[in-house]
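**Student:** My questions concern the predicted model and sequence given below.
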Amino acid sequence: MSDVHSKAQILGLRKENEIHITSHGKIKSYISYATKLLEEKKHESILFLAKGNAVTKAISVVEIFKRLKGDEILKQETTIDAKVLDNTPEESATVSGSNRRVPILEITLFVTQPSQV
């Protein structure tokens, strides 16, 4: 997973503290990468991004991560949206309409000091 992140970072497609969750990724990998970002790389926030079928997995990842990091104080900011995507020519032949709406979820976890709560 880190190879994917470094290639995207080189191309300027995503920041180091962003984790793009997919429906086929492993929860354990996402949790360990998020832990690495907080503990080793000392980031103050982590952004979890998911769209479509991966939204439920993103919620699971964030809740498990928050439970594991119970000793730290985490503030959560969540954004839910829907993006209109154009159908491919194959999908347009079988589905009525030319566009489809895909749910998008962004969850940002901030590490805060106890005095800021």
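**Tutor:** Ah, there it is.

**Student:** Now do the same for Lys57: helix, strand or coil?
**Tutor:** Under DSSP: H, G, I helix; E, B strand; the rest coil, the three-state class of Lys57 is helix.

**Student:** Skip the chain neighbours and tell me the closest residue to it.
**Tutor:** Ile21 (5.7 Å; Cβ to Cβ, 6 or more residues apart in numbering). In this view, the C-beta of every residue, glycine as well, is placed from N, C-alpha and C.

**Student:** what residues are up against that neighbour?
**Tutor:** The contact partners of Ile21, taken as Cβ atoms under 8 Å, 6 or more residues apart in numbering, are 30, 48-50, 54, 57-58, 61.

**Student:** go on, Ile46?
**Tutor:** Per Cβ under 8 Å, 6+ apart, neighbours of Ile46: 17-19, 34, 37-38, 108-109.

**Student:** tell me which of these is nearest to Lys75?
**Tutor:** Leu109 (7.2 Å; Cβ to Cβ).

**Student:** any idea how far that closest one lies from Leu85?
**Tutor:** Remark: distance between Leu109 and Leu85 (Cβ to Cβ, to the nearest Å) = 27 Å.

**Student:** Show me which of the two is the more surrounded one.
**Tutor:** When neighbours are counted by other Cβ atoms under 10 Å, Leu109 comes out ahead of the other of Leu109 and Leu85, with 25 against 13.
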